[in-house]
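Q: how would this look folded up:
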Amino acid sequence: MVISFISRKGGTGKTTNVMHLATTLSSQKKRVVVIETDTNYTLTTLRKMELFKGKKTEKDAPFPILGSTDEVITDELNKLKKSKKYDYILVDSAGKTTDEAIRKLCLASDLVVVPTSLSQNDLLVAYQTIQDLKPAKEINKKLKIAILPNRIHNRTNPKTVENALSNLEVAIIPTFVVNKNKMAEFSTLNSTGEYQEIAENIVSLLK
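A: Below is the predicted model of the structure:
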């Protein structure tokens, strides 16, 4: 299954949530691979740093992190799916990806997750992102699109979140990512138990 995290801008929580989902699934013995299409390859660099600090090698990593680009990601995803080597292929897309790249990525994905906070700017970006994604559903009939409420104050009423996001007219992942350090920070090696319910709700959309 291919789960792609997409947004029209950086800083919405794509990378953080990709890694929390990857480490959580991996801790559950799922076969996971992460692909990042940002050519800065932040995750690849962070993984090397974590391994170096822990005096470990790539063999000790729970799952691989691969670098790609908008131009070739679709072909690579199709090859990985055919290989049946992984249960979950997670894509951390670049913040400034093109319309064409978004469309191609959607055609190769089973689920697209759009993270957003409740700030007006992020909501506008989420709305535009989803509008850009919808045409792909006409071709990829199995494609599912969901909003992941991210950086939400832990005292926020779930109804407030639901009402703020209802105009986006897509599935809303019911367990939101609270705004605290443990969730804002991430590791490419270790999972946090607090993400387990969120991960379960994301994966359940694929059933």
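Q: If you count neighbours, what's buried in the helix or strand of the chain with the lowest mean pLDDT?
A: The helix or strand of the chain with the lowest confidence, counting by mean pLDDT, DSSP states H and E, is helix 181-184 at a mean of 80. Residues residue 183 are the ones in helix 181-184 that count as buried (16 or more other C-beta atoms under 10 Å). Backbone N, C-alpha and C define where each C-beta goes, glycine included.
Q: Give me the pLDDT value at the residue lying farthest from the centre of the chain.
A: No residue in the chain sits farther from the centre than residue 55, which is 28.2 Å out by C-alpha atoms, centre = their mean. For residue 55, the model assigns a pLDDT of 94.
Q: Check whether it sits in a helix, strand or coil.
A: Secondary structure assignment for residue 55 (DSSP: H, G, I helix; E, B strand; the rest coil): coil.
Q: Tell me who's in contact with it.
A: Not one residue lies near residue 55 by C-beta atoms under 8 Å, 6 or more residues apart in numbering.
Q: Against residue 153, how distant is the closest residue to residue 186 other than its chain neighbours?
A: In space, and not counting its chain neighbours, residue 186 is closest to residue 19: 4.2 Å by C-beta to C-beta, 6 or more residues apart in numbering. Distance of residue 19 to residue 153, computed by C-beta to C-beta, to the nearest Å: 22 Å.
Q: Compare those two and say which is more crowded by neighbours.
A: Each of residue 19 and residue 153 has its neighbours counted (other C-beta atoms under 10 Å); residue 19 has more, 25 against 13.
Q: That's all I had, so thanks and see you.
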